[in-house]
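> give me coordinates for this.
(chains A, B and C)
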Amino acid sequence: MDNREVLVDVKNLRTFFYTEDGVVPAVDGVDLTIHRGEILGLVGESGCGKSVTALSIMRLIPNPPGKIISGEIMFHGEDLLKKSEEEMRLIRGDKISMIFQEPMTSLNPVFTVGDQISEAITLHQKIDEAEARKRTVEMLHLVGIPEPERRYRQYPHELSGGMRQRVMIAMALSSNPELLISDEATTALDVTIQAQILDLMRGLQKKLGMAILIITHNLAVVAEMAETIAIAYAGKIVENASATEIFKFPRHPYTYGLLQSIPKFTERRTNEPLPAIEGMVPSPYHMPNGCRFNPRCPFATEKCRAEEPELLELTPGHLVRCFHPIEP
Amino acid sequence: MRDYVIRRVLGMIPLILIVMIVSFSIFSLVPNPFAALIENPRIKKADIERLIKAWGFDLPWYLRFFKWFSGVIKGDWGPSLLYPGSSARDVIARALPVTIRVMGIEFLLSLLIALPIGIVSAVKQYSVTDYVVTVFSFLGMSMPTFWFGLMMMMLFSVFLKRPSGAPLLPAGGIMTPGLEEAPFWTRFVDQLQYLVMPVLVLAFSSVGSWTRYMRSSMLEVVRQDYIRTARAKGVPERLVIDKHALRNALIPIVTLVALSVPGIVGGASITEKIFNIPGMGSLIIAAETKSDYPTAMVGLMLTSVLVIVFNLIADIVYAWVDPRIKYS
Amino acid sequence: MAEQAVAAKKKQKTSDDYSYVGMVFHRLTRHKLAMAGAVMLILMMLFVFVGPLVWRADPNEQISGLEGMFNPPSSAHPLGTDDYGRDVLARMFFGGRISLFIGFVSAVSATLIGAFIGLLAGYYGGWADNLLMRFTDAMLSIPTFPLLIALASVMGKGMWQIIMVIVVFGWMSDARLVRGLALSLKEQEYVEAARAIGASANRIMWRHLFPNTLAVLIVSTTIGIGSSIIYEASISFLGFGIQAPLASWGNMLQNAQQFIWNAPRLIVYPGLAIFITVLGFNFFGDGLRDAIDPKLKL
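Model (predicted):
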């Protein structure tokens, strides 16, 4: 059991998108808890609602066509969904920061990288420009960018992908936030750079003590980084447990399927094909009845097709949303 | 950068040559423009023969081109046949300021109106404001200027009258005869009434196009990832639009503005004709209609050269404004 | 409440259910302005082609004498008569046919010629590309309108002359467009494959590259018809182009100009017709562009 203070508590979040072609229930009842200093991994395939969850916490959902229609996001005992836009603005970049997937396009091409970081600083801290510049150079140094004074004056297009992502991290951490949300921040990078950035993030977390919500579809990333892992499928959380539990004793068939489909070098080689989860992620316009995973689940029964299971705590700290969870 | 400019300037030369050749060839399709002058009792036969010799019409076309070409380079643009006694150069020098005044005012006014409207329209996409603005821009772009001009004249000169019985706005010309010697301020105020209709007519179409361009550029920019980053940083929405978005959206607009400047000199031929404005546009048309080929050719050539030069200026401005562009 | 909305929308067809053309059509029909444009165009077509069958009058029949001139609208002449005592409505029908014909033929021809040049330049690249594009740029530098008039004055007056003049100055933007597309398309693998099995340059250009530019060209042509109509009207307005007694909307406007003080309504009709037609083409073309690819920037 985690006895750290609860930082963010997402309760029954529902974020829908109202498009011309229909309603997309991108996030349909998500519960998440992030403790102070915790590294939580949110894993799932494309389209399962993990990015939308993050954007909902930041209240950056574009409206139209999106809308957070119900739920609570408790932060320091206050519901973020009830705050005014101005109050949220003060939180963004200061208490909760977010970094995104595409470093190539996430920075404004017409301003220098230094100016963009300084802007983040002066927006939230009452220091003058000169002081902000100094802090910016410190941050650039902190994220491992060599020759920070020279880099300050460069434009984003003059930096490589890995460097840009470091700049993004510097920008996000410049006001020492309590929570850093990393939305597939390493997905678009080369594997070696990916490893560097993950190392950097781990080091910074030890140094600054912020909580990190790592969103990714890559199990290897969370294996390295996360203490706790939440598995998302079709807009809901289907399993939530410590990292060791997830990898050693996966209880939801989907999690099990995911882990099975990772090729392992340690097992004996057979001529059998790599196990894959049958079927495809359901179209958001045509969600299945009952448990959303049932069309692809080898253990599905009539009950699964008729009713939706609740997210229940099966063993302490291990939550599963399934009528027939796999026995350890 | 400097090498690029030099290369481009050198590249302009063949372009200008081609333009001169094309202009010249079109007019050469008519055998001998001076033949028509024989009808004119005011011109002596000896003068006509002198003109034929001076213009090289006694020579085959390729030599004639050289004669003309070398004359133009030296600054001798030939005589004006419309206004015998004046040189083409004088005639153009008289018409140019008139056109620049009308078109210049219209250009600035259009930009001043269209750009803010385009921005608002993009920011409030799909709203009623956006819809109305879009419809109006289409109206402007599709409106035949000559018809609109005539309709304006109908309204302001034929139907609406001043207490004295005179038309509310004069139907044509650029100033009240007799005021040539009047003090500057009197002339200024007098000319305003003549400018209202032509400027309005021209501006209506321009505003339509510029609004569309600005709106489309803003829409393109506002979709970008770096705008989302700015919001995630906690930048107030006002600054997101006015600083982060606008600075990027104006880049293509600035280029377009540079490319549109030559149009100010070319003049709007038909509008000038309808409103009896003695500017470049109506001069060139009159020259072409009444076979004053020297004037027509030179007028055409002037505007073309301006277009080519401003093409280069546009590219230079573009490189100056967008840090990503480096011509090396 | 949200569940009900979701359930209701489940029954709707979504974008996944259509073929390419079907999808374009589906998006087009939902675009309000495009449909407004389509309605305008259909009305204009009906006016111009079906009108003469409904209202039979000779556009060239003159009523001599003062009583025939400038008659206000009446049951005998729904739009009145002009300075020669001719029935304005009939002239509007036939003038419209000519204006639309010229607009259509010149726009389509300009597009085809431009596409041809663009394909050549884009496919062959190198010095051919350089040459053709320099030429295109030079032609683009010359301000269209004065040269249009120049050419018109030199080539003489008449319908085919106008079409030729408009085409001479209209092919450039399509050439640029197609060249750009050809340059990127020819890097695609199916072109390499075609070359590998021995397809000739001609075949690759026309059978593989051209069809992929069609969508863009159709949009360009649609909007081009609007511009061509305005060009024709402008040229006729200045006295070149279509000559009396033949009617075109442009020369009707030109004729009406001098009578602004006594019969201003003669200015309203042809101009309004031009305006509605061009507006229709612009609305429709813009909607078409959005339907074909909402993210496309032409």
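> what does the stretch 51-200 of chain A put close to chain B?
A:58, A:60, A:64, A:85, A:89-94, A:97-98, A:100, A:102, A:105-111, A:119-120, A:123-124, A:155, A:157, A:168, A:171 (C-beta under 8 Å from any C-beta of the partner chain). Where C-beta positions appear, they are placed from N, C-alpha and C, glycine not excepted.
> secondary structure element for the residue of the stretch 51-200 of chain B found nearest chain A?
For the stretch 51-200 of chain B, the residue closest to chain A is B:Tyr126, as judged by C-beta to the nearest C-beta, at 7.1 Å. Counting by DSSP states H and E, B:Tyr126 is held by no secondary-structure element, helix or strand.
> just checking, B:Ser157 touches B:Met151?
No - here B:Ser157 does not reach B:Met151: they are 10.9 Å apart, not a contact under C-beta atoms under 8 Å.
> tell me the contacts of residue 247?
Let's take chain A. Residues in contact with A:Phe247 (C-beta atoms under 8 Å, 6 or more residues apart in numbering or on different chains) are A:223, A:259.
> ah, no, chain C please
Taking C-beta under 8 Å, 6+ apart as the contact definition, C:Ala247 lies against C:59, C:91-92, C:94-95, C:98.
> near the residue nearest to it when sequence neighbours are not counted, how many other residues are there?
In space, C:Ala247 comes closest to C:Gly95 once its chain neighbours are excluded; the distance is 3.7 Å by C-beta to C-beta, 6 or more residues apart in numbering or on different chains. The burial count assigned to C:Gly95 is 27, neighbours taken as other C-beta atoms under 10 Å in any protein chain shown.
> flag every buried residue along stretch A:173-187.
Buried residues in stretch A:173-187, counted by 16 or more other C-beta atoms under 10 Å in any protein chain shown: A:173-175, A:177-186.
> how distant is it from the center of its chain?
For stretch A:173-187, the gap between its own C-alpha mean and the chain's C-alpha mean amounts to 9 Å (C-alpha atoms, centre = their mean, to the nearest Å).
> now the residue of the stretch 51-200 of chain B found nearest chain C: phi and psi?
In the stretch 51-200 of chain B, the residue that lies nearest chain C is B:Trp147 (3.1 Å; C-beta to the nearest C-beta). With angles defined as degrees, to the nearest 10, B:Trp147 sits at phi -70, psi -50.
> give me the number of residues near it?
B:Trp147: 26 neighbours (other C-beta under 10 Å).
> so where does B:Arg238 fall, helix or strand?
Using DSSP H and E, B:Arg238 sits in helix B:237-239.
> please identify the buried residues of the helix or strand just after that helix?
Using DSSP H and E, the helix or strand that directly follows helix B:237-239 along the chain is helix B:246-266. The neighbour-count check on helix B:246-266 (16+ other C-beta under 10 Å) flags B:246, B:248-253, B:255, B:257-266 as buried.
> now do stretch B:266-280
Neighbour-count burial for stretch B:266-280, with 16+ other C-beta under 10 Å as criterion, is recorded at B:266-275, B:277-280.
> what do you get for stretch B:82-93?
For stretch B:82-93, the neighbour count (16+ other C-beta under 10 Å) marks B:82, B:86-89, B:91-92 as buried.
> what's it in contact with?
Contacts made with stretch B:82-93 from outside it, assessed by C-beta under 8 Å, 6+ apart, are listed as B:42-43, B:75-80, B:280, B:283, B:286-287, B:290, B:292, B:294-295, B:298-299, B:302.
> check stretch A:120-136 too.
Stretch A:120-136 is touched from outside by A:90, A:93-94, A:114, A:117-118, A:152, A:170-172, A:174-175, B:233-235, with contacts defined as C-beta under 8 Å, 6+ apart.
> tell me the helix or strand right after the helix or strand of chain C with the lowest mean pLDDT.
Of all the helices and strands that make up chain C, helix C:2-10 has the lowest average by mean pLDDT, DSSP states H and E, namely a mean of 49. Once the chain leaves helix C:2-10, the next helix or strand it forms, by DSSP H and E, is helix C:20-30.
> indicate whether that following helix makes contact with chain B.
No - legend: contact between helix C:20-30 and chain B by C-beta under 8 Å from any C-beta is lacking; minimum distance shown is 13.2 Å.
> can you list the residue ranges for helices in the chain?
Unless you meant another one, I'm taking chain A. Applying DSSP state H to chain A gives helices spanning A:50-58, A:85-91, A:113-124, A:129-142, A:148-152, A:161-173, A:191-208, A:219-225, A:243-248, A:253-260, A:302-306.
> you answered for a different chain; I wanted chain C.
If DSSP H is used as the criterion, the helices of chain C fall at C:2-10, C:20-30, C:32-45, C:51-54, C:88-124, C:126-141, C:144-155, C:159-185, C:189-196, C:201-203, C:210-237, C:249-257, C:265-292.
> which of these sits most buried?
Per-residue neighbour counts averaged over each of the helices of chain C give the maximum for helix C:249-257, namely a mean of 25 (mean count of other C-beta atoms under 10 Å in any protein chain shown).
> tilt between that helix and helix C:210-237?
20 degrees (axes from the mean of the first three to the mean of the last three C-alpha atoms, to 10 degrees).
> separation between the one residue sitting closest to the centre of chain C and chain A?
The structure's chain C has its C-alpha centroid closest to C:Ile225; by C-alpha atoms, centre = their mean the separation is 0.7 Å. The span separating C:Ile225 from chain A equals 29 Å under the rule C-beta to the nearest C-beta, to the nearest Å.
> check contacts around the closest residue in space to C:Met133 that isn't next to it in sequence.
Distances taken as C-beta to C-beta, 6+ apart put C:Ala121 closest to C:Met133, at 5.8 Å, once the chain neighbours are dropped. By C-beta under 8 Å, 6+ apart, the residues touching C:Ala121 are C:128-129, C:132-133, C:136, C:175, C:179, C:182.
> how does it look with 10 Å?
By C-beta atoms under 10 Å, 6 or more residues apart in numbering or on different chains, C:Ala121 lies in contact with C:128-133, C:135-136, C:175-176, C:178-180, C:182-183.
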